[in-house]
Each structure stands twice: as structure tokens, then as C-alpha cells.
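[1] Below are the sequence and a predicted model; questions follow.
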Amino acid sequence: MTRKTEAADIRTMEDFATYVGLSRPTVSKYFNDPASVRDKTRKRIEAAVAVSGFRPNLFAVNLKRRRTKILGVILPNRADPFYMELTRRIEEIADDAGYFAVVLSSGGRPDREAEAIERFQSMNIAGAIVAPLGQPGAQGKLASLGSRIPLIYVDSPGADDAPFVGTDNSQSFGLIVDYLCRSGDAPCFLGMPDVNRNAHARRIAYERAMAAAGHDPMVLSIPEGSSWDFEKFGHEQMCRAMQAGLPSGTLLCANDRIAFGALLAAWEAGRRVGHGAGFDLRIAGHDDHPLARYTCPPLTTVAQDYAEIARQATARLLAMLGERDPEPAPEGGGDQLLLKASIMLRSSA
């Protein structure tokens with residue numbers, strides 16, 4: 001006589017199917033889409049779930065499918081507020097579409113980015129959203145991944161022509177440089193470490209904006225390196241630049257976290273940062289970091305639309321997977337979707 005399966009004995013989908021008294025395909029169909037089974041069957045399964053506490057192993061289930069319900073996300077730093085906001089929105093949108101987003105951090109290291117790519121390949125993910133480091137070692141692996149599954153780049157473009165959603169650096173730096181030139185000294189520029197393609201893109205965008213405003217670019221020299229400790233970098237480079245003598249009374253930083261370090265260095269040196277009479281230095285940034293409005297003084301910057309970057313990237317990925325209709329193509333065609341930034345005027349500049 002076969003012993004009846006008890007709730008405590010359930011380990012697999014087969015065990016649960018035996019426990020609830022239904023076929024495994026029916027149970028599996030329910031977990032894939034509860035609305036796909038009859039109301040009576042759904043209520044029966046839900047009652048069994050409530051009693052047994054069973055939840056299927058989504059990873060094991062997905063590995064048996066040709067197309068999984070898992071989306072992979074690779075970010076350089078999950079603790080950075082920009083990437084935290086991207087992650088939050090991606091997870092929300094993926095969940096609404098019936099997908100499960102798995103987020104891995106490269107920690108700014110190419111070897112860990114490569115490991116994350118390999119891990120997602122082994123999980124048979126359906127598609128991926130990646131903020132790439134842009135280092136040669138991982139570019140080949142990302143290109144290989146993108147040849148097999150839908151892949152969207154965010155924040156920084158990939159080395160190939162894969163779809164990308166991010167901020168239009170030319171527009172954003174044109175906006176802030178134009179304002180700074182009209183309201184005071186033309187800005188010198190403190191760039192960012194060479195951590196991804198944004199480092200080069202933002203410097204070029206600054207130089208072009210300065211030329212458009214009728215000024216020669218004033219790019220501060222920085223050491224080679226790829227540190228993601230932007231605040232420390234900004235502090236150290238600002239100290240060095242002030243000792244050598246800043247070429248302008250206005251400083252534009254490649255991102256807000258670098259500006260945070262520059263603000264500290266200026267305060268330590270007794271420099272009065274602000275706009276108008278009584279101040280001898282202006283500092284501005286880029287990104288509109290969540291803490292930018294709480295610095296002393298509050299930081300003038302340009303705001304990236306974090307939520308819209310995540311929405312557009314996830315929506316395009318789901319469209320590539322056939323889960324929803326594609327949205328209108330970007331102006332000019334192609335796969336590069338560049339979003340406009342808006343200026344945030346505060347006391348620092």
C-alpha cells in the first residue's frame with residue numbers, strides 16, 4: 001500500500017502534484033500562470049499551497065524550458081543609488097510581466113563581470129539588462145551572450161551596436177555648460193576614472209559644449225585608473241587642482257559623487273562655494289544623485305531620468321521576447337535610445 005504524501009514530505013513538483021491529487025502538468029501550468037487553469041482547480045491548488053507552504057524552485061523549473069522566465073541584470077555597484085533605482089524599477093516591471101529579475105554586481109571588476117555572464121548563461125536566462133564596464137575581457141562574453149538572447153545595455157553603451165538606453169550626454173552637458181557660462185565663469189572640468197565608456201563620452205560632451213559656447217575647454221589632468229570610489233577620487237583630485245591653481249572659478253564634475261568629494265575639499269581649504277556675491281567658487285555635477293540636494297551647499301546638477309531608463313530598457317527587452325508590442329523607435333532610427341536630462345539649479349552654482 002502506497003503511503004499518502006504528507007505536507008512535510010513535499011520536496012519537488014512531483015511530490016506536490018501527488019499531495020494535491022492532480023497531474024504534474026496541471027500543477028506546473030498553474031505555477032506558470034494561475035489563470036490558465038479552471039477556477040475549481042486553482043482554488044484546490046491554492047488551498048494546498050496554503051497548507052503545505054510549497055513553492056517551486058523557479059531556477060530548476062526554468063532550466064527545463066526552452067525559454068525561461070528569468071531576466072538577468074548585471075550592474076557595477078548595487079549600492080550606488082542610481083543603480084539601486086534602476087534595479088527597483090526593473091524588478092517591478094519584470095514581476096508585472098511574469099518574469100523574475102536576478103541581479104548580480106560586478107563590483108566594478110571585469111573578472112566578476114565575466115563570472116556574472118557565465119552564471120547567467122548556465123541559468124538559461126531569457127534576456128538581460130547590463131550596465132557594462134566596457135573592458136576588453138568581458139566585451140567578447142557580452143557579445144556572445146547577446147548573440148543568443150535579447151540584451152539591452154543601460155547607463156553606458158556596449159562595444160557593439162546592441163540596443164542601448166541611457167542619457168544623452170551631449171544634451172545634458174550642453175545644458176549645464178550653457179548655464180554655467182551664462183551665469184559666471186566658464187567651467188573647468190574634473191572628469192571621472194576610466195571605469196566605462198561614459199568617462200570618455202562625458203569629457204567629449206563637455207569639450208563640444210564649451211566650443212559651442214565659444215570657450216576653450218579646460219580639462220583638469222587626472223591619473224590613470226579605474227576606481228569606483230568616486231567621492232575619494234573627487235576629493236583627492238580637487239585638493240591637487242587647488243594646490244596647482246584652478247583655471248576657473250567654476251568647476252563642473254563628470255558626476256555628482258565626484259562633486260561630493262570636491263565640495264569637501266573646497267570646504268577644507270576654506271573656499272566659499274556658491275553662486276553670487278560673497279562666494280569665490282562654483283561647483284556643479286551631473287546625474288542628480290539622491291543626496292545632491294542635501295549637500296552643503298545643495299549641488300547644482302543635471303538630472304538623469306532613472307525610472308524612465310529602467311522602464312524603457314525593460315519594455316524593450318520584453319518586446320524583444322514577444323511579451324508586449326514594441327514602442328516607437330528612437331528618433332533617427334537605430335537601437336540607441338538617448339533620454340533628455342533636465343537642469344537642477346541649486347545653491348552651489
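    Here it is on my side, so go on. Residues are numbered from 1 along each chain as shown.

[2] By average pLDDT, which secondary structure element in this structure comes out worst?
    Scoring the helices and strands of the chain by mean pLDDT, DSSP states H and E places helix 58-63 at the bottom, with a mean of 51.

[3] Now the element after that helix, going C-ward?
    Using DSSP states H and E, the helix or strand that follows helix 58-63 in sequence is strand 70-75.

[4] strand partners of that next one, parallel vs antiparallel please.
    Strands that pair with strand 70-75, judged by DSSP bridges, come out as strand 100-105 (parallel), strand 127-130 (parallel).

[5] Highest mean neighbour count out of these?
    strand 127-130 (a mean of 27; mean count of other CB atoms under 10 Å). Just so you know, the C-beta spots here come from the backbone N, C-alpha and C atoms, and that holds for glycine as well.

[6] Now that one - C-alpha only, PDB.
    The C-alpha coordinates for strand 127-130 follow below in PDB (Å, rounded to 0.1, in the frame of the first residue of the first chain):
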ATOM      1  CA  GLY A 127      17.200  38.100 -21.600                       C
ATOM      2  CA  ALA A 128      19.500  40.500 -19.900                       C
ATOM      3  CA  ILE A 129      19.900  44.200 -19.000                       C
ATOM      4  CA  VAL A 130      23.600  45.100 -18.500                       C
END
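
[7] Domain map for this protein?
    7-56, 70-166+307-340, 169-303 (automatic domain parsing).

[8] Same list, the ones you listed, but as CSV with distance to Ser347 and mean pLDDT please.
    Formatted as CSV, the domains of the chain follow (distance: least, CB to CB, whole Å; pLDDT from 0 to 100):
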stretch, distance to Ser347, mean pLDDT
domain 7-56, 51, 82
domain 70-166+307-340, 21, 84
domain 169-303, 4, 95
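
[9] between these, which one is nearest to Ala349?
    Nearest to Ala349, of all the domains of the chain, is domain 169-303, at 3.8 Å by CB to CB.

[10] Just put the domains of the chain in a markdown table and tack on distance to Ser348.
    Shown next, in a markdown table, are the domains of the chain (distance: least, CB to CB, whole Å):
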| stretch | distance to Ser348 |
| --- | --- |
| domain 7-56 | 50 |
| domain 70-166+307-340 | 18 |
| domain 169-303 | 5 |
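
[11] what are the ranges of the helices in the protein?
    Residue ranges of the helices in the chain, as given by DSSP state H, are 13-20, 24-32, 39-52, 58-63, 81-96, 110-123, 136-146, 169-183, 197-212, 230-244, 256-268, 306-320.

[12] Relative to Leu175, which of the strands paired with strand 70-75 is closest?
    Of all the strands paired with strand 70-75, it is strand 127-130 that lies closest to Leu175, at 26.5 Å by CB to CB.

[13] And the contacts of that closest one?
    Identification of contacts with strand 127-130 by CB atoms under 8 Å, 6 or more residues apart in numbering yields 71-74, 90, 120, 142, 145, 149-154, 158, 313-314, 317, 320-321.

[14] Stretch 98-114 now?
    So stretch 98-114 is in contact with 33, 58, 69-78, 87, 90-91, 94-95, 116, 119-120, 123, 125-126, 132-133, 135, 137-138, 141, 195, 226-228, 318, 323, going by CB under 8 Å, 6+ apart.

[15] Kindly recompute the last result at 7 Å.
    58, 69-78, 87, 90-91, 94, 116, 119, 133, 135, 137-138, 141, 195, 228 (CB atoms under 7 Å, 6 or more residues apart in numbering).

[16] What of stretch 275-286?
    172, 176, 180, 184, 187, 249-256, 259, 262-263, 266, 271-273, 292, 299-302, 347-349.

[17] at 6 Å instead, please
    Defining contact as CB atoms under 6 Å, 6 or more residues apart in numbering, one finds that stretch 275-286 is touched by 176, 184, 249-253, 255-256, 259, 262-263, 266, 271-273, 299-302, 348-349.

[18] Buried ones from these, can you make that a ChimeraX selection?
    Buried members of the contacts of stretch 275-286, defined by 16 or more other CB atoms under 10 Å, are picked up in ChimeraX with:
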select :176,184,250,251,252,253,255,256,259,262,263,266,271,273,299,300,301,302,348,349
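
[19] Strands - which of the contacts of stretch 275-286 land there?
    250-253, 301-302 (DSSP state E).

[20] any chance of those in a markdown table, plus distance to Val219?
    Converted to a markdown table, the ones in strands among the contacts of stretch 275-286 look like this (distance: CB to CB, whole Å):
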| residue | distance to Val219 |
| --- | --- |
| Thr250 | 14 |
| Leu251 | 12 |
| Leu252 | 10 |
| Cys253 | 12 |
| Thr301 | 19 |
| Val302 | 18 |
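
[21] Let me know the closest of those residues to Thr167.
    Using CB to CB, the ones in strands among the contacts of stretch 275-286 come closest to Thr167 at Val302, 8.5 Å.

[22] re earlier: could you look over the helices of the chain and pick the most buried one?
    Mean neighbour counts for these (mean count of other CB under 10 Å) peak at helix 256-268, with a mean of 23.

[23] from the chain's centre, how far out does it sit?
    What separates the centre of helix 256-268 from the centre of its chain is 24 Å, taken as CA atoms, centre = their mean, to the nearest Å.

[24] List of residues touching it?
    192, 230-231, 234-235, 238-239, 253, 273, 281, 283, 285, 287, 289, 292, 295, 299, 301.

[25] try 8 Å this time
    So helix 256-268 is contacted by 80, 190, 192, 230-239, 242, 251, 253, 273, 281, 283-289, 291-292, 295-296, 299, 301, 348 (CB under 8 Å, 6+ apart).
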